[in-house]
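Novice: Following is a predicted model, sequence given first.
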Amino acid sequence: MKDERVGLYPPVIERSRWSSVRLGAALLSLLLPAIRGHADDDSWKINSIVWTANRKAVIAFSYGKNEFACVKAGIDDYTAGDTWTKQNLKRLTPKVLPPQGGILWHGKIYCGNVYHGQGDANQFTNQELIEWIRTCNRQGGVCTLDWPFDSKTGLIKEFGMKQMIEIRDVVKGE
């Protein structure tokens, strides 16, 4: 059945509405581009859409000028922490780059050697990532690790999956 309302909202709201309808209560978090040039209440529409699907879901806005900002007080649950270039993991921590606006610190790093799924190798060693996760967790933050995927299958590439499993086996339960 075609939803006649598709396209009625700016793209960022449309994406949240689509995710909420499609995932329902399985929607755990949503990382969205920061709203620019839209009505001030657009972020509240996103909030309503996401929380209707799952009241426990969390929201973050990716804002390239400051990935640790609280973009919309009362809506952001955690910082986007989004990165797209190789990071100095000793600097990318809650202590060095504290979250603003009282929200949870979140760091998201790209683990492949080329962004957007095109990589063919890892850019960090297992030990570097393990220490970064432990440091961020000790300082009250959470981490997301992003590996390249195969565009034909949609699966994480083998070298990334291997590293992910090895890191999981070390930090699981900490």
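Specialist: Yep, that arrived.

Novice: Averaged pLDDT, stretch 104-117. What do you get?
Specialist: Per-residue pLDDT over stretch 104-117 has a mean of 84.

Novice: meant to ask about stretch 150-159
Specialist: The pLDDT scores in stretch 150-159 average 88.

Novice: so how far does that stretch reach from one end to the other?
Specialist: End-to-end span of stretch 150-159 (C-alpha to C-alpha, to the nearest Å): 11 Å.

Novice: Next, the buried residues of it.
Specialist: Within stretch 150-159, the residues that count as buried by 16 or more other C-beta atoms under 10 Å are I156, K157, F159. Every residue, glycine included, has its C-beta placed from N, CA and C.

Novice: Over to the first one: give its phi and psi.
Specialist: Backbone geometry at I156, expressed as degrees, to the nearest 10, gives phi -60, psi 140.

Novice: For it, give its distance to T144.
Specialist: When distance is defined by C-beta to C-beta, to the nearest Å, I156 is 13 Å away from T144.

Novice: Could you pull up the residues touching the spatially closest residue to A121 that is not a sequence neighbour?
Specialist: Spatial nearest neighbour of A121, excluding adjacent residues (C-beta to C-beta, 6 or more residues apart in numbering): N113 at 4.7 Å. With contact taken as C-beta atoms under 8 Å, 6 or more residues apart in numbering, N113 is in contact with G119, D120, A121, N122, Q123.

Novice: Which among the residues you listed count as buried?
Specialist: For the contacts of N113, buried by 16+ other C-beta under 10 Å: G119, N122, Q123.

Novice: D150: which of these is nearest?
Specialist: Nearest to D150 among the buried ones among the contacts of N113, counting by C-beta to C-beta, is G119 at 10.8 Å.

Novice: what sits against the closest one?
Specialist: G112, N113, W147, P148, K157, G160.

Novice: how about the strands in the chain?
Specialist: All strands of the chain, identified by DSSP state E, fall at 29-33, 58-62, 106-110, 142-146.

Novice: buried sites along stretch 88-101?
Specialist: Counting neighbours by 16+ other C-beta under 10 Å, the buried set in stretch 88-101 is L89, L92, T93, P94, L97, P99.

Novice: Please parse this structure into its domains.
Specialist: Per automatic domain parsing, the structural domains of the chain span 1-62, 79-174.

Novice: Lowest mean pLDDT across the ones you listed, which one is that?
Specialist: When the domains of the chain are compared on mean pLDDT, domain 1-62 scores lowest, with a mean of 55.
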